[in-house]
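1. pasting the sequence and the predicted coordinates here, then a few questions.
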Amino acid sequence: MGKRYTVNILSTNSIQRLIHQLEKYRDGLFDKANLLARRLAEDGVMIAGAQIVDLDAIFTGELLQSVRMEEQLNNVFAIITDSKHACFVEFGTGQRGMDSPYPFPLPKGVSWDYAVGKTIQQNPVTGNYYWFYPGKDGKWHYTEGMPARPFMYNTSLELQKIIVDVAREVFGNNVGK
């Protein structure tokens, strides 16, 4: 059961005290909601980093280092990465991506195709898609892409598992009962 407020003697002063208590409680809700959103975003950054490691998506370390929390508006926090290859890691690419595609519904407004681009070729014997790209070592490298590694989607699933516990810590033990 939630917090209770009582008035022992019905009087103008007791009603005023009750109104003051309710206003104080109301004012604290905004701060607690902000704290809940911030805590979930902070936890999400840690979870996303762990997902990148668990899914073996560390290539140069740039993706892992780019994951951070950002306050978009009051009480709206986002877990973001501005890594240029984050979406390729999340959804997969090329033949390997087609063979092991993103296993979840795509986010609203997102479309994804695994075998497109100016440099993609199709092997006439195997039918597999591939391309060559210049490496930082100055050499050309061959790839058939990579499987989807949905580190951000997995992060959202993990956050769903902990939201009630975090809300209980922030708001008190009566949340979600």
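-> Thanks, I have the structure now.

2. tally of neighbours for residue 153?
-> 19 (other C-beta atoms under 10 Å). Glycine gets a C-beta too; all of them are placed from N, C-alpha and C.

3. surely it is in a helix?
-> Yes: secondary structure of residue 153 (DSSP: H, G, I helix; E, B strand; the rest coil): part of a helix.

4. surely it and residue 104 touch.
-> Yes: counting by C-beta atoms under 8 Å, residue 153 touches residue 104, with 5.2 Å between them.

5. low-confidence stretches in this protein?
-> 1-2, 174-177 (pLDDT under 70).

6. that one: strands as residue ranges?
-> Here the chain has its strands, by DSSP state E, at 68-73, 76-80, 121-122, 129-134, 140-143.

7. can you list these in JSON lines and add distance to residue 168 and mean neighbour count?
-> Conversion of these to JSON lines gives the following (distance: least, C-beta to C-beta, whole Å; neighbours: other C-beta atoms under 10 Å):
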{"stretch": "strand 68-73", "distance to residue 168": "21", "mean neighbour count": "12"}
{"stretch": "strand 76-80", "distance to residue 168": "19", "mean neighbour count": "16"}
{"stretch": "strand 121-122", "distance to residue 168": "54", "mean neighbour count": "12"}
{"stretch": "strand 129-134", "distance to residue 168": "49", "mean neighbour count": "15"}
{"stretch": "strand 140-143", "distance to residue 168": "46", "mean neighbour count": "10"}
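
8. can you put the ones you listed in CSV and add distance to residue 23?
-> Shown next, in CSV, are the strands of the chain (distance: least, C-beta to C-beta, whole Å):
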stretch, distance to residue 23
strand 68-73, 25
strand 76-80, 25
strand 121-122, 68
strand 129-134, 62
strand 140-143, 62
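
9. among these, which is nearest residue 157?
-> When those are compared by C-beta to C-beta, strand 76-80 sits nearest residue 157, at 13.0 Å.

10. which other helices and strands contact the closest one?
-> Secondary-structure packing of strand 76-80 (3 or more C-beta pairs under 8 Å, 6 or more residues apart in numbering; DSSP states H and E): helix 12-54, strand 68-73.
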